[in-house]
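[1] Give me coordinates for this.
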Amino acid sequence: MERREPARTHPAGWFQIGWSHELARGETRPLRFFGEDLVVCRYESGEVGLFDAFCPHMNAHIGYGGTTIGETLACPYHGWRFDRSGCNVHIPYSSRVSRSAGLRAWPVVELGSSVLLAWYSPDGGQPTFDPPGAAELPGMGEPTFCPVGPQTSRRYADRTMHIDFVTENTVDMSHFKFVHETPEIGSILRLDPVDHRFHVRFSMPMKIYGPEGGGQVVDAVTEVTNWGLGLILARFADGASLLQAQTPVDDVHCEVMMTMVLPRNASGSAEPSGEQLARFKMACRQVENDMVIWTHRRPDSQAHLVADEVAPFRTFSKWKRQFYAARPVVAARTESEVGS
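    This next block holds a predicted model:
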């Protein structure tokens, strides 16, 4: 008798798995996302690879002690090496290789030498849309902008919440007054769902914080784009941009990553100014306010919306269904395997 695992509920899309500055040449790192154990590596060429973590030989986790040799990934247990497609290409103590034992390679991209993204699909399929590029995140990795590093990136790991809570915030105008200290409730100027993108333009009085604190209220028009359900991009009039990423860890946990892309000041310094860092701190503070709500919200419950909320939430809900359309991968185990 077979015992079936619950179908996975993660949506398809591009999701952030880390930052470029965390991964040096020749380094491997263990990761866990989408309910999967993974290993990310950087080859001698500087390119990045992402694979299922466990070596098919004797199931060692390659993220703990594994290395790269040239453009191959080497297991720390017996030295089996795998190429960038995941095929076994070398066994140190054998003249043969295993054609049947390989690693699953995941689609992975590096944005502007700054941010690492992976493609996930419940059916294991290849990407159906492109990741954001220079047009969506202008300046990332360019010499006239500050490099993305520890000062302009922040991780909130293993938060108990669903990623839909994050993305639906972009159409929820009324919560800003109560969660984000805006003096008034804002208004949506434009909703524009286009294929995998969901553009929102809204007007909102907001507090602008300086290095010393305080908070001047200004009228602001903000434009954000949901790039699938994993990424939210915001662009500002001064050339700065903000990438907010939410990546499922498993069925109940999520990791949120914040990245600020800032133009260099008049002196050309690579270090962000105090005012710029205060701006990033303010953005993180607002997400932290949200997470108090998100991490204690009941999932999968029916919302009772008032008339003014219905249209934007309905538009968002209809748009997001496309990312859950792929057929889930359902693992099956026998009774002996689960110890029954």
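[2] correct me, but Met257 touches Arg154?
    Yes: the pair Met257 and Arg154 passes the contact test of CB atoms under 8 Å, sitting 7.2 Å apart. (Glycine included, C-beta is placed from N, CA and C.)
[3] Any idea how far apart the tips of stretch 296-309 sit?
    22 Å (CA to CA, to the nearest Å).
[4] how about low-confidence regions in the stretch 101-250 of the chain?
    Low-confidence segments of the stretch 101-250 of the chain (pLDDT under 70): 206-217.
[5] can you give me the helices in it?
    Shown for the stretch 101-250 of the chain, the helices assigned by DSSP state H, counting those that start in this stretch span residues 163-167, 175-179.
[6] Same drill for Met257 and Arg154, tell me which one is more crowded.
    More neighbours surround Met257 than the other of Met257 and Arg154, with 22 against 17 (other CB atoms under 10 Å).
[7] State the distance from that one to Phe178.
    25 Å (CB to CB, to the nearest Å).
[8] which residues are contacting stretch 85-99?
    With contacts defined as CB atoms under 8 Å, 6 or more residues apart in numbering, stretch 85-99 is touched by 51, 56-57, 72, 78-83, 101-105.
[9] What's the local residue count around Val179?
    15.
[10] That one touches Val287, doesn't it?
    No: using CB under 8 Å as the test, Val179 is too far from Val287 to be in contact (10.2 Å).
[11] mean confidence for stretch 299-312?
    Computed over stretch 299-312, the mean pLDDT rounds to 84.
[12] tell me how far the ends of that stretch are from each other?
    Distance between the two ends of stretch 299-312: 20 Å, counting by CA to CA.
[13] Same check on stretch 44-51?
    End to end - CA to CA - stretch 44-51 spans 17 Å.
[14] Likewise for stretch 292-299?
    Taking CA to CA, stretch 292-299 runs 14 Å from one end to the other.
[15] Going by neighbour count, list what's buried in that stretch.
    Trp294 (16 or more other CB atoms under 10 Å).
[16] Give me the contact list for that stretch.
    With CB under 8 Å, 6+ apart, stretch 292-299 has contacts from Arg159, Thr160, Met161, His162, Phe165, Val166, His175, Val179.
[17] out of those, which are buried?
    Buried by 16+ other CB under 10 Å: Arg159, Met161, His162, Phe165, Val166, His175, out of the contacts of stretch 292-299.
[18] Hmm, Pro138 is touching Gly239, no?
    Yes: assessed by CB under 8 Å, Pro138 is found in contact with Gly239 at 7.0 Å.
[19] who's in contact with the nearest residue to His199 once chain neighbours are set aside?
    Among residues not flanking His199 along the chain, Asp192 sits closest, at 4.0 Å (CB to CB, 6 or more residues apart in numbering). For Asp192, the residues meeting the contact criterion (CB under 8 Å, 6+ apart) are Phe198, His199, Val200, Arg201.
[20] Tell me if I'm right that the first one and Thr170 touch.
    The one in question is Phe198. Yes: with contact defined as CB under 8 Å, Phe198 counts as touching Thr170 (7.3 Å).
[21] joint contacts of these two?
    Asn226, Phe316.
[22] which of the contacts of stretch 292-299 sit farthest apart?
    Largest separation among the contacts of stretch 292-299 by CB to CB: Thr160 and His175, giving 19.4 Å.
[23] can I get the buried ones among the contacts of stretch 292-299 in CSV with distance to Gly228?
    Below are the buried ones among the contacts of stretch 292-299 laid out as CSV (distance: CB to CB, whole Å):
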residue, distance to Gly228
Arg159, 19
Met161, 18
His162, 15
Phe165, 15
Val166, 12
His175, 22
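[24] What is the nearest of the residues you listed to Gln246?
    With CB to CB as the yardstick, the closest approach to Gln246 among the buried ones among the contacts of stretch 292-299 comes from Val166, at 4.4 Å.
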